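K.L.:
build me a model:
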Amino acid sequence: MIGHQDAESAFIEAWAAGRLHHAWLLAGPQGMGKGAFAERVARFLVTHGSGGDGVPVSLDDPGDIAASRLVDAGNHPEILSLTRQPKDKGKELARNITIDQVRGIIRRLHLSLSLGEWRVIIVDAVDDLETDGANALLKTLEEPPARTLFLLISHSPGRLLPTIRSRCRTLRFQPVAHDVMTSWLHELRPMLEMAEVRAIVAASGGVPGKAIALIDSDVAAMEKKLLAIAASGDPGNRLREALAREVAGTSNRARLELVIDIVPGLLARLARERPVAEIAPVLAQWDRIQRTVRDAIRGSYDGAMVGFEIGNCLAELAPKVAAAR
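P.N.:
Okay, here's the model as predicted:
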């Protein structure tokens, strides 16, 4: 795990001191490992005592072996989860966590603990709750059952009901520093070339989960294509048209997301390489790309259009001599 150190320390200190808040908001970008952290906390609580003895330990301390085996098997009765469920027994997930799901969990909270000293509710993600479900959860957070701990995972905490946020202690999962990410990724995948490691780290924005997803995406090759547009201006549109074809359609959504992930790092590099007087055009294209992506997400997500427009933005940054050839 990377990027969890501060959150783990805060939680363990509260547990050891006997001041464990009943609800914790795990807030930060998607891909930071908040779900994995919640699972570690849940395992820790159901395999350990009530705390308050002042003895700090690690979240990875094994604790009660029998309870730990139940967790491994996914059968521990005191770990409950709220997540979006598949629609119509298919693979696609429902848009929201429903009010009926929340009510089902609330009914479970009225039962006595059957094993151990804690019950843990993981909501992944609380952003996905229906409005009625969020209000029902809020009522439970206002009058929480004893020995029950809520772990609310949020990728966009600013969108939550302020009353839900106010009932929680917040643990923030911030993007990991560039040098720490580079060292971690190089250790995790020593077979990668350092140039590729640096490209992945730049495209990941300090989010470990995104870095892992990018490993098999041939970041270096895509970066080379985008830089070629920025260097030449692509006067005949050949490179931009090829890019648009490569990211068009739902089957190529992953490639389009890769381009969107890579572009900020490329623009930052171009800005660093240029004189101060020439930075403004780079920033202008960054704003333009952001608007393009935002508008595409709000409307019909036309991958080819987004790819070609990103290519246009990069082409605008080509040296004027090269672009005029």
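K.L.:
the closest residue to residue 249 other than its chain neighbours: neighbour count?
P.N.:
In space, and not counting its chain neighbours, residue 249 is closest to residue 303: 6.1 Å by CB to CB, 6 or more residues apart in numbering. Where you see a C-beta, it was placed from the backbone N, CA and C, and this is true even at glycine. Residue 303 has 22 neighbours, counted by other CB atoms under 10 Å.
K.L.:
quick one, what contacts residue 303?
P.N.:
244, 247, 248, 249, 250, 252, 253, 256 (CB atoms under 8 Å, 6 or more residues apart in numbering).
K.L.:
my read: residue 92 touches residue 86, true?
P.N.:
Yes: contact criterion CB atoms under 8 Å: residue 92 and residue 86 qualify, at 6.7 Å.
K.L.:
low-confidence ranges in the chain?
P.N.:
56, 90, 297-301, 320-325 (pLDDT under 70).
K.L.:
let's go with 80 and repeat that
P.N.:
Along the chain, the parts satisfying pLDDT under 80 run over 1, 49-57, 88-92, 216-218, 220, 265, 293-301, 320-325.
K.L.:
strands of that one, start to end?
P.N.:
23-27, 79-82, 119-124, 148-154, 169-172 (DSSP state E).
K.L.:
tell me where the stretch 201-325 of the chain has helices.
P.N.:
208-214, 219-232, 238-246, 253-273, 279-298, 303-315, 320-324 (DSSP state H, counting those that start in this stretch).
K.L.:
export stretch 99-113 to CSV, keeping only CA atoms.
P.N.:
Backbone C-alpha positions of stretch 99-113 (Å, rounded to 0.1, in the frame of the first residue of the first chain) are rendered in CSV as follows:
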residue,chain,number,x,y,z
ILE,A,99,-32.8,3.2,-0.5
ASP,A,100,-33.8,-0.4,-0.2
GLN,A,101,-30.2,-1.4,0.2
VAL,A,102,-29.7,1.2,2.9
ARG,A,103,-32.9,0.0,4.7
GLY,A,104,-31.6,-3.6,4.6
ILE,A,105,-28.4,-2.5,6.3
ILE,A,106,-30.2,-0.5,8.9
ARG,A,107,-32.4,-3.5,9.8
ARG,A,108,-29.2,-5.5,10.5
LEU,A,109,-28.0,-2.8,12.9
HIS,A,110,-30.8,-3.6,15.2
LEU,A,111,-29.5,-7.1,15.8
SER,A,112,-27.0,-7.8,18.6
LEU,A,113,-23.4,-8.5,17.7
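K.L.:
now do it: everything it contacts.
P.N.:
Stretch 99-113 has contacts (CB under 8 Å, 6+ apart) with 78, 80, 82, 85, 119, 121, 129-130, 132-133, 136-137, 140, 145, 147-148.
K.L.:
just stretch 199-212 next, same as before
P.N.:
Contacts for stretch 199-212 (CB under 8 Å, 6+ apart): 2-3, 29-33, 174-178, 181-182, 184-185, 192, 214-215, 219-220, 223, 258, 261-262, 264-265, 268-269.
K.L.:
chain center to it, what's the gap?
P.N.:
Offset of stretch 199-212 from its chain centre (CA atoms, centre = their mean, to the nearest Å): 11 Å.
K.L.:
also stretch 135-145?
P.N.:
That offset, for stretch 135-145, works out to 26 Å (CA atoms, centre = their mean).
K.L.:
may I see the buried residues of that stretch?
P.N.:
136, 137, 138, 140, 141, 144, 145 (16 or more other CB atoms under 10 Å).
K.L.:
which residue is the nearest non-sequential neighbour of the fifth one?
P.N.:
Meaning residue 141. residue 167 (4.2 Å).
K.L.:
now do residue 15
P.N.:
Residue 15 sits nearest to residue 51 (CB to CB, 6+ apart), 4.0 Å away.
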